[in-house]
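S.K.: got a sequence here, can you model it:
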Amino acid sequence: MARKLSIVVLSLSMILLLLVQNSSLMFPGHHHRGSNSTAPTKLKRLSHHGVTEGSLHPEECSPRCTTRCSKTAYKKPCMFICQKCCAKCLCVPPGTYGNKQFCPCYNNWKTKRGGPKCP
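M.R.: The predicted model follows:
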């Protein structure tokens, strides 16, 4: 009985940790009470249009992929795959690299070898 209870407590602790970690990713400028910072910081209002899964229309994929692939030396393959990913997921992560947590479909689509499919 004690073993089951400790497993439940451990599971709940991990879930709580993941929730806290996820909230810090979603609100990077937010400081909790008791923080060492004395000056309040402004929260940037994030526009989630085109960033969250399913928020784009198919015709909006090309400009988003142009931005996403703007710094690569391999523009044609990047654009081809990015547009394929956008057509499936209807979102493109912000920026030229990373930020895939905003678009789980884009992040979770893998190649046959298990690597990331989408740029």
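
S.K.: buried ones in whichever helix or strand residue 67 is part of, by neighbour count?
M.R.: Secondary structure assigned from DSSP states H and E places residue 67 in helix 61-68. Within helix 61-68, the residues that count as buried by 16 or more other CB atoms under 10 Å are 61, 64, 65, 68. All C-beta spots, glycine's among them, are computed from the backbone N, C-alpha and C.

S.K.: pLDDT averaged over it, what's the number?
M.R.: Averaging pLDDT along helix 61-68 gives 94.

S.K.: again, but for stretch 95-102
M.R.: Mean predicted lDDT for stretch 95-102 stands at 90.

S.K.: next, the buried residues of that stretch.
M.R.: Quick answer for stretch 95-102 (16+ other CB under 10 Å): 99, 102.

S.K.: for the helix holding residue 67, packing partners?
M.R.: Applying 3 or more CB pairs under 8 Å, 6 or more residues apart in numbering; DSSP states H and E, one finds that helix 61-68 makes contact with helix 75-89.

S.K.: let me see the mean pLDDT of the helix it packs on.
M.R.: On average, helix 75-89 scores 94.

S.K.: extract the C-alpha set from that helix and format it as PDB.
M.R.: The C-alpha trace of helix 75-89 is given here as PDB (Å, rounded to 0.1, in the frame of the first residue of the first chain):
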ATOM      1  CA  LYS A  75      16.200  27.200 -49.200                       C
ATOM      2  CA  LYS A  76      14.500  25.000 -51.800                       C
ATOM      3  CA  PRO A  77      14.400  21.800 -49.700                       C
ATOM      4  CA  CYS A  78      13.500  23.800 -46.500                       C
ATOM      5  CA  MET A  79      10.600  25.500 -48.300                       C
ATOM      6  CA  PHE A  80       9.400  22.200 -49.800                       C
ATOM      7  CA  ILE A  81       9.300  20.400 -46.500                       C
ATOM      8  CA  CYS A  82       8.100  23.400 -44.500                       C
ATOM      9  CA  GLN A  83       5.100  23.800 -46.800                       C
ATOM     10  CA  LYS A  84       4.300  20.100 -46.600                       C
ATOM     11  CA  CYS A  85       4.400  20.300 -42.800                       C
ATOM     12  CA  CYS A  86       2.300  23.500 -42.800                       C
ATOM     13  CA  ALA A  87      -0.300  21.900 -45.100                       C
ATOM     14  CA  LYS A  88      -0.600  19.000 -42.600                       C
ATOM     15  CA  CYS A  89      -0.400  20.900 -39.300                       C
END
